[in-house]
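**Q** here is a sequence with its predicted model. Questions after.
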Amino acid sequence: MNQVIDTMVKRRTIRKFKADQISDEELNAILEAGLHAPNAGGGQSSIIVVSQNAELNERLGKLSRNAENITGARMGRVSSEQPSIIDDESIKSAFYGAPTVLTIFAKPGYNLTGDCFAAAENIVVAAWSLGIGAYIVGRCAKTFSTEEGAKIQEMWGLDGEFEARVHVVLGYPDGKEPSYKPRKDGRVIFSK
Ligand SMILES: Cc1cc2nc3c(=O)[nH]c(=O)nc-3n(C[C@H](O)[C@H](O)[C@H](O)COP(=O)(O)O)c2cc1C
């Protein structure tokens, strides 16, 4: 296995973060990976907003937490080692106190959602390769369709045509690395 594949296989979602901020050098390297993700039609449509404002991240994290009715009954348990908001209803912010929150937007056109998620995946893998914890939050469009979310979008200078699709949350991991989750069988079908 080469190093890139090894990083992809060993990457874990991190939800426990140290309070200290990641360095600008690390952040810029991670953003570079996001900007170089595959993009539909070569359009490079995605825009990444980086928020390192603790108060804003807390507000946004609460909005994200409440934007959708998430219950364990619907989704099952996500992680006993690093509980998600689905596992523990007492967690009030969907960002778990992480110091850096990225929001990825694009305008409707050719494959807006695909572009945003391709960037997000590059970002989480790049982060892991640098020892930085990350995870993806897909429940993003609903967050920015609230009145408060729309105001935050406007504050960032993105007109209403831009649609948010995904957050990526970043910070130095705190505590033990989550253990390996075995892959389910039968998820690959060969047709030769
Ligand atoms: C589309 C998408 C949405 C996700 N949304 C959330 C989320 O809202 N909150 C969260 O804590 N993790 C979220 N995750 C992370 C998953 O819970 C995590 O990837 C999954 O449990 C597998 O764990 P692993 O990434 O360590 O392999 C999301 C992942 C994806 C791909």
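**A** On my side now, so go ahead.
**Q** for the ligand, see how far away the residue sitting furthest away from the middle of the chain is.
**A** Checked against the mean C-alpha position of the chain, the extreme residue using CA atoms, centre = their mean is Lys192, at a distance of 35.4 Å. Distance, Lys192 to the ligand, using CB to the nearest ligand atom, to the nearest Å: 29 Å. All C-beta atoms are positioned from the backbone trio N, CA, C, and that covers glycine.
**Q** near the ligand, anything from the top helix by length along the chain?
**A** Across the chain, the longest stretch assigned as helix under DSSP state H is helix 112-129. No: applying CB under 6 Å from any ligand atom, one finds helix 112-129 separated from the ligand by no less than 7.1 Å.
**Q** with only the CA atoms kept, save that helix in PDB.
**A** Taking Å, rounded to 0.1, in the frame of the first residue of the first chain, the C-alpha atoms of helix 112-129 are listed here in PDB:
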ATOM      1  CA  LEU A 112     -22.800  21.700  -7.300                       C
ATOM      2  CA  THR A 113     -23.100  19.100  -4.600                       C
ATOM      3  CA  GLY A 114     -20.500  16.800  -6.200                       C
ATOM      4  CA  ASP A 115     -18.000  19.600  -6.300                       C
ATOM      5  CA  CYS A 116     -18.400  20.500  -2.700                       C
ATOM      6  CA  PHE A 117     -18.100  17.000  -1.400                       C
ATOM      7  CA  ALA A 118     -15.100  16.200  -3.600                       C
ATOM      8  CA  ALA A 119     -13.300  19.100  -2.000                       C
ATOM      9  CA  ALA A 120     -14.500  18.000   1.500                       C
ATOM     10  CA  GLU A 121     -13.000  14.500   1.000                       C
ATOM     11  CA  ASN A 122      -9.700  15.900  -0.200                       C
ATOM     12  CA  ILE A 123      -9.700  18.100   2.900                       C
ATOM     13  CA  VAL A 124     -10.300  15.400   5.400                       C
ATOM     14  CA  VAL A 125      -7.600  13.100   3.900                       C
ATOM     15  CA  ALA A 126      -5.100  15.900   3.700                       C
ATOM     16  CA  ALA A 127      -5.900  16.900   7.300                       C
ATOM     17  CA  TRP A 128      -5.300  13.300   8.500                       C
ATOM     18  CA  SER A 129      -2.000  13.100   6.700                       C
END
